[in-house]
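Participant: Sharing a model that was predicted from the sequence below.
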Amino acid sequence: MNINSLLVFGARGVQGHPVVDAAMDAGLNVRAATRDVEGAEEKLSEQVDIVEADLGDAESIAEAAEGVDALFFHLPILPEKLRAIDVVDNVIAAAVRSGVQRLVFSTGEYSGDELPAGDFVTAMREITRRLLDCPVDAVILRPTLYLANLVWPHVIREVRDQGRLTYPPFSEKRRLNWTSTEDQGRIVVACLEADVVGEILDIASPEPVTGPELCRHLSRVWGREVHYAPQSNDDFADMLSHLTGSARVARAIAGLYADIEKHDKQGPRVDTDQLEQRLGIRLTPVSEWVDERLGALIELYG
Ligand SMILES: NC(=O)c1ccc[n+]([C@@H]2O[C@H](COP(=O)([O-])OP(=O)(O)OC[C@H]3O[C@@H](n4cnc5c(N)ncnc54)[C@H](OP(=O)(O)O)[C@@H]3O)[C@@H](O)[C@H]2O)c1
């Protein structure tokens with residue numbers, strides 16, 4: 001198989017933008033699907049082919065996918081009227097119609113096999129089944145917690161002004177792998193050629209840390225002491241409700257975090273050595289991401 005072009009949904013967003021960057025670095029022809037062509041033109045390189053499409057509209061997805069070899073998508077925060085399962089069916093139908101050879105889907109949140117069947121995990125299991133059963137070659141990525149959450153505006157404010165990290169709402173002994181979305185971008189591109197069709201890959205960045213260990217890394221770039229003071233799951237749900245604008249989404253995600261906390265004292269943990277070997281790529285240890293990526297962002301925006 002020879003994949004030369006990739007259509008990216010969410011290309012202006014936290015997950016999709018790094019996929020665009022990684023695909024460009026790999027020399028692929030990149031097409032970005034957006035509902036806001038002008039906004040995408042402002043944000044993306046001139047070399048990216050920008051097309052208008054909506055995940056709620058199968059016809060527009062098929063038109064956007066015309067002539068591309070592969071397609072990456074994840075579920076954005078959806079409006080109440082649009083069901084996740086319909087979005088996935090729209091993408092599958094469009095991919096079949098347009099002759100897309102490979103689909104890469106990110107679940108966006110962790111939904112490992114060991115977790116109980118809460119709302120989010122149950123929905124992702126059904127979506128995963130549909131994608132893996134569809135006629136197009138598909139790969140499912142299950143990321144852990146995104147390091148990009150460390151630049152949520154309230155997280156920045158609390159760390160900078162009060163020296164407190166309240167996210168994630170986990171016990172301080174829990175050691176887990178975080179995922180950089182830049183690593184996720186490189187993983188998506190590697191999955192276009194790797195022998196991983198039909199697989200579900202748990203993905204993350206190397207160097208699992210506890211909350212207090214992460215705070216020590218943050219102290220270095222923020223130039224101040226940072227203490228881990230995890231918020232309660234209820235406060236987390238409230239915060240998510242404001243952040244996403246959806247009480248339904250907030251309940252599902254906070255429920256997922258509560259299940260992770262209840263299920264085991266550690267994790268999510270991912271064998272990142274094996275991931276690097278299988279995909280032939282280098283992933284970014286958490287301390288390096290904090291020093292270089294977060295450090296650069298803080299220098300730029302304070
Ligand atoms: N694991 C974690 O730690 C974590 C943290 C935060 C979020 N998440 C997950 O990530 C997902 C949100 O992704 P994100 O953070 O990348 O979001 P984001 O930065 O808000 O971007 C959302 C993207 O989705 C696109 N989009 C939204 N509705 C669309 C539609 N109807 N049709 C086509 N494109 C649409 C938007 O594109 P246009 O506006 O250009 O059309 C935008 O680029 C959620 O599922 C959330 O659960 C996970």
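Facilitator: Ah, there it is. Numbering: from 1, shown residues only.
Participant: does the closest residue to the ligand within the chain count as helix, strand or coil?
Facilitator: With C-beta to the nearest ligand atom, the shortest gap between the chain and the ligand falls at residue 13, namely 2.3 Å. Every residue, glycine included, has its C-beta placed from N, CA and C. With DSSP: H, G, I helix; E, B strand; the rest coil as the basis, residue 13 sits in coil.
Participant: Report pLDDT for the closest residue to it other than its chain neighbours.
Facilitator: Spatially, and ignoring its direct neighbours in sequence, residue 13 is nearest to residue 76 (7.0 Å; C-beta to C-beta, 6 or more residues apart in numbering). Per-residue confidence (pLDDT) for residue 76: 95.
Participant: What of residue 197?
Facilitator: pLDDT for residue 197: 98.
Participant: Does residue 183 touch residue 284 like I think?
Facilitator: Yes. Contact criterion C-beta atoms under 8 Å: residue 183 and residue 284 qualify, at 5.6 Å.
Participant: Distance check, the nearest residue in space to residue 12 that is not next to it in sequence against residue 34.
Facilitator: Spatial nearest neighbour of residue 12, excluding adjacent residues (C-beta to C-beta, 6+ apart): residue 43 at 5.1 Å. Residue 43 sits at a distance of 9 Å from residue 34 (criterion: C-beta to C-beta, to the nearest Å).
Participant: Quick check: residues of this protein near the ligand?
Facilitator: Selection of the chain residues close to the ligand by C-beta under 6 Å from any ligand atom yields 9-10, 12-16, 34-36, 40, 54-56, 74-77, 108-109, 143, 145-146, 149, 253.
Participant: What subset of these is buried?
Facilitator: Among the residues of the chain next to the ligand, those classed as buried by 16 or more other C-beta atoms under 10 Å are 9-10, 12-16, 34, 40, 54-56, 74-76, 108-109, 143, 145-146, 253.
Participant: hang on, residue 115 packs against residue 260?
Facilitator: Yes. The criterion here is C-beta under 8 Å, and residue 115 meets it with residue 260 at 6.7 Å.
Participant: So for these two, which residue has more residues nearby?
Facilitator: Shown here are residue 115 and residue 260; by other C-beta atoms under 10 Å, residue 260 has more neighbours (27 against 21).
Participant: quick one: what helix or strand has the more buried one in it?
Facilitator: Counting by DSSP states H and E, the element that carries residue 260 is helix 247-263.
Participant: residues of that helix that come out buried?
Facilitator: 249-250, 252-261.
Participant: could you dump those residues to TSV with pLDDT and distance to residue 200?
Facilitator: Formatted as TSV, these follow (pLDDT from 0 to 100; distance: C-beta to C-beta, whole Å):
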residue	pLDDT	distance to residue 200
249	94	23
250	97	26
252	95	20
253	97	20
254	98	24
255	98	21
256	98	17
257	98	21
258	98	23
259	98	18
260	98	17
261	97	23
